[in-house]
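Visitor: Dropping the sequence and predicted coords here.
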Amino acid sequence: MGSKSKKRKPTNVDLAAACDALGYELATLQDAVILSSQANVLGMGSLRNVALESLVLHTRVLIEFFYNPSYKGHFRAEDFFEEAEVWKEQRSRGDTLEWPGADDGTLTVNKLESLCNAHAAHLGWNRVLQPEDAEWNPRAILMHFDKLAKAFISTAEQKHITLEVAGTLDLGEGVVVSRYRWRTAGPHSDYLPFITDFTGTCASALKLLGATRSFGRSIIEQNKDQNSTSPVPRSIMVFIARSTNCLDSIEALYRVGQADDAFSVMRTICELTIDLAYMLKEDTERRFKLFFGFEHLVNFRQAQFIFNLHGGPESEAFQELRNRHNEVSSDYPDSYSWAGNKLWKRAKEAGLSDMYQSIYAEGCSAVHSGPVTLRNAYNDNNGQIEIYLGSRRPDSTRVLELTVYCYLRQLASAIDFLGLPEETSAACNALFRQLQTLPDGEVQ
């Protein structure tokens, strides 16, 4: 019988490629933890399950890499050391992780591997009988392998290492892990994780935002198909629907640490609220007609700019835009204002001057070039300028509170004009009272 072939010693090229694969595994484990956490917050059970399946798979792979001995056909952490004992001193299969479902609150690596095997590859009794499976702890897994990865990078033969720490990732609740860079790093090199551990004022404000959004959606669902000879009721629902979509954007921006940009979207809700109140004040059908018809002027102006830029014969589409423009242009003495007046005048007529002068103005500061829009991009520490990149944990709930206020004022205008049931008005007032009882918007 022939002798068994010996395991080939990996070359530097081999080990560099292995490092790239390790970077992918670590980054994908982070993705799985982030997605499972976000899905849990948003109530998306199916997405959470898929993320947990990915977590189990990549945890199993990383256990093999960091803890198993060198083996033919597989690469292990040991392969990056001239003396395997150097790495063995860095870890033990008796290493423990926090695990809420275990009897003593911890889980050894051996038991974690057994648990992963039960869930990743087999449909056996231990899947349903192992008490450790009371609740997965993705963050504990992520922190454990982050610690191992940093130990590996710092102790392995550096000539073999193409993986490096490239910053940190704050997942909240005291979980700060490394971000990694490697030669073939693709979409895993940057993250915008949802912040999921809001407490106190932030949690209360986000909860109120969610309740307000649900209330607005219920109004739309109950009134969007009303039979009416007037286009006004359905037009009102269009305003509310657009503002409701803005609520989703504002929450998403807030949760990824981009609260400044949320002010820009808040301004959209504020302006829609002012315009809706103005249209409902008097001459409602004519004002709605002017509002929606103004789109023909805007479309043709934009098309004309492109046409002048490129030249050439007029297309049928361009001629159609011109015809629609010409049909309505006489209704607009001011071709840059659908109402023929400024927003502040519309706000004054609608009784919303306070909203225009404070909330809308603050939204404009976030949109337009100026010192306010730059305030969270840098810090001036006695002349030492520190520039900030990426997301930052919000230090205020102001944008959430102003958003809820504008949105509720919009709903109140619609409820009053449409004469909706008294219980609808009472529900709106209850949300206003909740807003008034929120603690101060600054987060300590």
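Guide: Cool, got the structure. Since this is a predicted model, take the numbers as computed values, not measurements. Numbering: from 1, shown residues only.
Visitor: contacts, neighbours, all on C-alpha from now
Guide: Will do.
Visitor: dump the residue contacts of Leu208.
Guide: By C-alpha atoms under 8 Å, 6 or more residues apart in numbering, the contact list for Leu208 reads Val404, Leu431, Gln434, Leu435.
Visitor: Tell me the one among the residues you listed nearest to Ala350.
Guide: Proximity to Ala350 was ranked across these by C-alpha to C-alpha; first place goes to Val404, at 19.0 Å.
Visitor: And what about Leu171, helix, strand or coil?
Guide: Following DSSP: H, G, I helix; E, B strand; the rest coil, we place Leu171 in the strand state.
Visitor: can you list contacts of stretch 275-292?
Guide: 230-232, 235-236, 239, 331, 338-339, 343, 346-347, 349-350, 410, 413, 417.
Visitor: Would you list the buried entries among those?
Guide: Buried subset of the contacts of stretch 275-292 (neighbour count, 16 or more other C-alpha atoms under 10 Å): 232, 235-236, 239, 338-339, 343, 346-347, 349-350, 410, 413.
Visitor: and those, which of them are in helices?
Guide: Val232, Ser235, Ile236, Phe239, Leu343, Arg346, Ala347, Glu349, Ala350, Gln410, Ser413 (DSSP state H).
Visitor: Out of the residues you listed, the closest to Glu314 would be?
Guide: Closest to Glu314 out of those is Ser235 (33.5 Å), distances taken as C-alpha to C-alpha.
Visitor: residue contacts, that closest one?
Guide: By C-alpha under 8 Å, 6+ apart, Ser235 lies in contact with Phe288.
Visitor: And the most centrally placed residue in the chain, how far from Val175?
Guide: Central residue of the chain (C-alpha atoms, centre = their mean): Ala252, 4.0 Å from the mean position. Using C-alpha to C-alpha, to the nearest Å, Ala252 is found at 21 Å from Val175.
Visitor: likewise Leu35?
Guide: When distance is defined by C-alpha to C-alpha, Leu35 is 15 Å away from Val175.
Visitor: Looking at those two, which has the bigger crowd around it?
Guide: Set Leu35 next to Val175 and count neighbours by other C-alpha atoms under 10 Å: Leu35 wins out with 21 against 12.
Visitor: hmm, back to that, now do the residue nearest to the centre of the chain against Arg393, distance only.
Guide: In terms of C-alpha to C-alpha, Ala252 sits 13 Å off from Arg393.
Visitor: re the thing from before, I'd like the buried ones among the contacts of stretch 275-292 as a markdown table, with distance to Gln30 and pLDDT appended.
Guide: Formatted as a markdown table, those follow (distance: C-alpha to C-alpha, whole Å; pLDDT from 0 to 100):
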| residue | distance to Gln30 | pLDDT |
| --- | --- | --- |
| Val232 | 49 | 93 |
| Ser235 | 44 | 94 |
| Ile236 | 44 | 96 |
| Phe239 | 39 | 96 |
| Trp338 | 49 | 94 |
| Ala339 | 51 | 94 |
| Leu343 | 47 | 96 |
| Arg346 | 50 | 97 |
| Ala347 | 48 | 97 |
| Glu349 | 53 | 96 |
| Ala350 | 50 | 96 |
| Gln410 | 41 | 97 |
| Ser413 | 46 | 97 |
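Visitor: In TSV, list those residues along with distance to Gly363.
Guide: Formatted as TSV, the buried ones among the contacts of stretch 275-292 follow (distance: C-alpha to C-alpha, whole Å):
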residue	distance to Gly363
Val232	28
Ser235	25
Ile236	23
Phe239	19
Trp338	21
Ala339	21
Leu343	14
Arg346	17
Ala347	15
Glu349	21
Ala350	19
Gln410	17
Ser413	21
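Visitor: which one among these gets closest to Trp182?
Guide: Nearest member of these to Trp182, counting by C-alpha to C-alpha, is Phe239, at 47.5 Å.
Visitor: Surely the closest one touches Leu272?
Guide: Yes - the pair Phe239 and Leu272 qualifies as a contact (C-alpha atoms under 8 Å) at a distance of 6.8 Å.
Visitor: Leaving out sequence neighbours, find the closest residue to Leu297.
Guide: Of all residues not flanking Leu297 in the chain, His325 sits nearest, at 5.3 Å (C-alpha to C-alpha, 6 or more residues apart in numbering).
Visitor: Run through the residues that contact the one you found.
Guide: Counting by C-alpha under 8 Å, 6+ apart, His325 touches His296, Leu297, Phe300.
Visitor: the strands in the stretch 151-300 of the chain, which residues?
Guide: All strands of the stretch 151-300 of the chain, identified by DSSP state E, counting those that start in this stretch, fall at 164-172, 175-181.
Visitor: and of those, who's closest to Phe145?
Guide: Closest of these to Phe145 is strand 175-181, at 9.5 Å (criterion: C-alpha to C-alpha).
Visitor: Tell me which strands that closest one pairs with, and in which orientation.
Guide: Partners of strand 175-181 in the sheet, by DSSP bridges, are strand 164-172 (antiparallel).
Visitor: In the partner strand, which of the residues would be classed as buried?
Guide: For strand 164-172, a neighbour-count test (16+ other C-alpha under 10 Å) marks Glu164, Leu169, Asp170, Leu171 as buried.
Visitor: Show me the shaky parts of this protein.
Guide: Scanning the chain for pLDDT under 70 picks out the ranges 1-8, 41-43, 121-134, 158-160, 172-173, 183-194, 196-197, 390, 440-444.
Visitor: Using PDB, write out the CA atom coordinates for stretch 315-323.
Guide: This file holds the C-alpha atoms of stretch 315-323, laid out as PDB (Å, rounded to 0.1, in the frame of the first residue of the first chain):
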ATOM      1  CA  SER A 315     -38.700  64.800 -29.000                       C
ATOM      2  CA  GLU A 316     -42.400  63.900 -28.700                       C
ATOM      3  CA  ALA A 317     -42.000  63.700 -24.900                       C
ATOM      4  CA  PHE A 318     -40.500  67.200 -24.800                       C
ATOM      5  CA  GLN A 319     -43.300  68.600 -26.900                       C
ATOM      6  CA  GLU A 320     -45.900  66.900 -24.600                       C
ATOM      7  CA  LEU A 321     -44.300  68.600 -21.600                       C
ATOM      8  CA  ARG A 322     -44.400  71.900 -23.400                       C
ATOM      9  CA  ASN A 323     -48.100  71.400 -24.200                       C
END
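Visitor: chain center to stretch 138-152, what's the gap?
Guide: Its chain's C-alpha centre and that of stretch 138-152 lie 24 Å apart, by C-alpha atoms, centre = their mean, to the nearest Å.
Visitor: buried stuff in that stretch?
Guide: Those would be 138-146, 148-150, 152, for stretch 138-152 by 16+ other C-alpha under 10 Å.
Visitor: Which single one of these is nearest to Gln384?
Guide: Out of the buried residues of stretch 138-152, the member with the shortest distance to Gln384 (by C-alpha to C-alpha) is Lys150, at 31.5 Å.
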